[in-house]
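Enquirer: requesting a structural model of the entry that follows:
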Amino acid sequence: MIAGPFGAVADVFRPEAIGRAVRIRGWVLRLRSSGGILFLVLRDRTGTAQVTGRRDVLGPERFDAVEHVQVEGAIQVEGTVADDPRAPGGREVRARTIEIVDAGAPFPIFQEQTEEFRLDKRHLVIRSADHVATFRVKAELLRAIREFLATEEVLETTPPILTANPAEGGAEAFAIDYFGRPGYLSQSAQLYLEAMIAPHERVYALTPSFRAEKSRTPRHLTEYQHLEVELAWSDLDGLMDFVERMILAACHAVAERRPAELTALGRPPQELLGLHGPFPRVPYLEAIGRLQRAGLPVTWGSDIATAEERALTLEEREPIFITRFPRELKAFYMLRTPGDPRTVEAADLLAPEGYGEIVGASCRETDVDALIERLRASGANLADYEWYLDLRRHGNVPHAGFGLGVERLLRWMLRREHIRDTTPFPRTPSRHTP
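Expert: Just a heads-up that it's a prediction; the model follows:
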């Protein structure tokens, strides 16, 4: 093996690199030979660079061995950086020696394959340039969200994933046997976050959430990354202001830090930088009127589902809030609208361009008797929620919170057709491997 420290492939393109010796290593993206010269493209986490190797420099035995390295084989290179306008980026490394770390077997991934096969081989497919760009943008998005929340003095917490009761109803929860007792994979950290606001006031969690929905749509996963925030002393308007600031801050940060990846994936960064708000706030009743005028068969009490969200947002260029839904459409913990017991203080943020819901938000019910009434109406076992009802008996204050599906936000930001392209190993009703 080549001795000494290794640099990054991106170092090849530094202004001062011409004529200098470098040691680089990585995976072979492409390889061919012609007239006693090897031409290969090497990639690492920082980028790609062309490497050339001459038979008379490498020696016949090593030249022949490297010539048989497969796509995604791993090598180490020592050579000199040179200008070459024919090479990608206008630079190449002229190798003095190439060491084979792993020649590799023939790589089984190519373009003309079925989606199911590519999902079966997801562990290899995620090496593609599109996936590399996607997950670097996703990492930047998560960093930007955390930075915003730190600036707003919202404390990150670590609620459990295993729970004794489903937060939003048993039908969509994955039930497990917890040492002979019923348990569930978490649908939401909300109830636990509400417990944390008394000592901390502003808290959040970023955890996996699980939904046992047999929804085979381009926007549903059975496991996804769930950002949830709870804020003491907040009303609905204050909560929507907070969500808007967060979305704008995250979009702007990603656009500034990952412009190349965004451009490669089909979202010009200028479009995200051009988002400024305020986001329109459309009452549910007004939204129903818009949908009726568009010819959709909806009335008061109709759910605003995928088709309706698409109709409301297809021509929009910024997200929009739909506010104050009928009480029957929403969960037991949502606060009734003062002066209108038919509705709750809730808002969904819909991404533009037809992508639909990315945030669900609401004020939380603070009256313990009202909570008990709603739980009984839902058929819940009150004993399972006694700890939650305790939160209303000891230091109860007005509060509100929201949940954001990270993959749904990313799907809109990157204009991905299917949400499975926003997570390395998607979990759907038909797939939980590899």
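
Enquirer: ok, the spatially closest residue to Val81 that is not a sequence neighbour - contacts?
Expert: Leaving aside its sequence neighbours, Val81 sits nearest to Ala17 (Cβ to Cβ, 6 or more residues apart in numbering; 4.4 Å). C-beta: built from backbone N, CA, C; applies to glycine. Ala17 makes contact with Asp11, Val81, Arg91, according to Cβ atoms under 8 Å, 6 or more residues apart in numbering.

Enquirer: quick one: Val203 from Leu162, how far?
Expert: In this view, Val203 and Leu162 are 20 Å apart by Cβ to Cβ, to the nearest Å.

Enquirer: likewise Glu407?
Expert: In terms of Cβ to Cβ, Glu407 sits 22 Å off from Leu162.

Enquirer: more neighbours: which of those two?
Expert: Set Glu407 next to Leu162 and count neighbours by other Cβ atoms under 10 Å: Glu407 wins out with 22 against 10.

Enquirer: hmm, His220 and the more buried one touching each other?
Expert: No. Using Cβ atoms under 8 Å as the test, Glu407 is too far from His220 to be in contact (9.8 Å).

Enquirer: what do those two both touch?
Expert: If you check Glu407 and His220 against Cβ under 8 Å, 6+ apart, the residues they both contact are Ile419.

Enquirer: pLDDT value on the residue nearest to Val81, please?
Expert: In this prediction, Ala17 carries a pLDDT score of 96.

Enquirer: closest to Ala361 out of the contacts of Ala17?
Expert: Asp11 (45.9 Å; Cβ to Cβ).

Enquirer: you'd agree the closest one is up against Ile24?
Expert: Yes. Using Cβ under 8 Å, Asp11 is in contact with Ile24, at 7.5 Å.

Enquirer: okay, now Thr85: neighbour count?
Expert: Quick fix: residue 85 reads Pro, not Thr. Neighbourhood size, Pro85 [other Cβ under 10 Å]: 7.

Enquirer: tell me the SS of it?
Expert: coil (DSSP: H, G, I helix; E, B strand; the rest coil).

Enquirer: dihedrals phi and psi, it?
Expert: When read as degrees, to the nearest 10, the backbone of Pro85 gives phi -60, psi -20.

Enquirer: follow-up on the earlier one: more crowded one of Asp11 and Ile24?
Expert: Shown here are Asp11 and Ile24; by other Cβ under 10 Å, Ile24 has more neighbours (25 against 18).

Enquirer: that one contacts Phe6, correct?
Expert: Yes. Between Ile24 and Phe6 a contact is recorded at 6.2 Å, counting by Cβ under 8 Å.

Enquirer: what sits in contact with each of the two?
Expert: Taking Cβ under 8 Å, 6+ apart as the contact rule, Ile24 and Phe6 both touch Gln76.

Enquirer: and the longest strand seen in the chain, what does it pack against?
Expert: In the chain, with assignment by DSSP state E, the single longest strand is strand 21-34. Helices and strands touching strand 21-34, as assessed by 3 or more Cβ pairs under 8 Å, 6 or more residues apart in numbering; DSSP states H and E, comprise strand 37-44, strand 47-54, helix 60-67, strand 74-83, strand 91-102.

Enquirer: which residues sit against it?
Expert: 2, 4-9, 11-12, 38-44, 48-49, 51, 66-67, 69-81, 93, 101, 104, 127.

Enquirer: buried sites along it?
Expert: The neighbour-count check on strand 21-34 (16 or more other Cβ atoms under 10 Å) flags Val22, Arg23, Ile24, Arg25, Gly26, Trp27, Val28, Leu29, Leu31 as buried.

Enquirer: and which of the contacts of Ala17 is nearest Val254?
Expert: For those, the closest approach to Val254 (Cβ to Cβ) belongs to Asp11, at 25.5 Å.

Enquirer: kindly state the pLDDT recorded for the closest one?
Expert: Reading off the confidence values, Asp11 has pLDDT 96.

Enquirer: against Arg25, how distant is it?
Expert: Between Asp11 and Arg25 the distance is 12 Å, computed by Cβ to Cβ.

Enquirer: then Phe210?
Expert: For Phe210, the distance to Arg25 - Cβ to Cβ - is 39 Å.

Enquirer: what's the answer for Tyr184, then?
Expert: From Tyr184 across to Arg25, the span is 46 Å (Cβ to Cβ).

Enquirer: and this structure, what are its domain boundaries?
Expert: As assigned by automatic domain parsing, the chain contains the domains 9-102, 118-422.

Enquirer: span of the longest one from start to end?
Expert: With Cα to Cα, to the nearest Å as the measure, the ends of domain 118-422 fall 15 Å from one another.

Enquirer: how about the first one?
Expert: Across its full length, domain 9-102 reaches 18 Å end to end, with Cα to Cα as the criterion.

Enquirer: show me the contacts for the spatially closest residue to Ala249 that is not a sequence neighbour.
Expert: Of all residues not flanking Ala249 in the chain, Phe148 sits nearest, at 4.5 Å (Cβ to Cβ, 6+ apart). Contacts for Phe148 (Cβ under 8 Å, 6+ apart) come out as Arg245, Met246, Ala249, Ala250.

Enquirer: the residue in the chain sticking out farthest from the centre and Gln76, how far apart?
Expert: Ranked by distance from the centre of the chain (Cα atoms, centre = their mean), the top residue is Asp56, with 49.3 Å. Asp56 is 20 Å from Gln76, where distance means Cβ to Cβ.

Enquirer: with His418 instead?
Expert: In this view, His418 and Gln76 are 37 Å apart by Cβ to Cβ.

Enquirer: so those two - more neighbours on which side?
Expert: Neighbours per residue, other Cβ under 10 Å: of His418 and Gln76, the larger number sits with Gln76, 17 against 14.

Enquirer: this completes my enquiry, with thanks.
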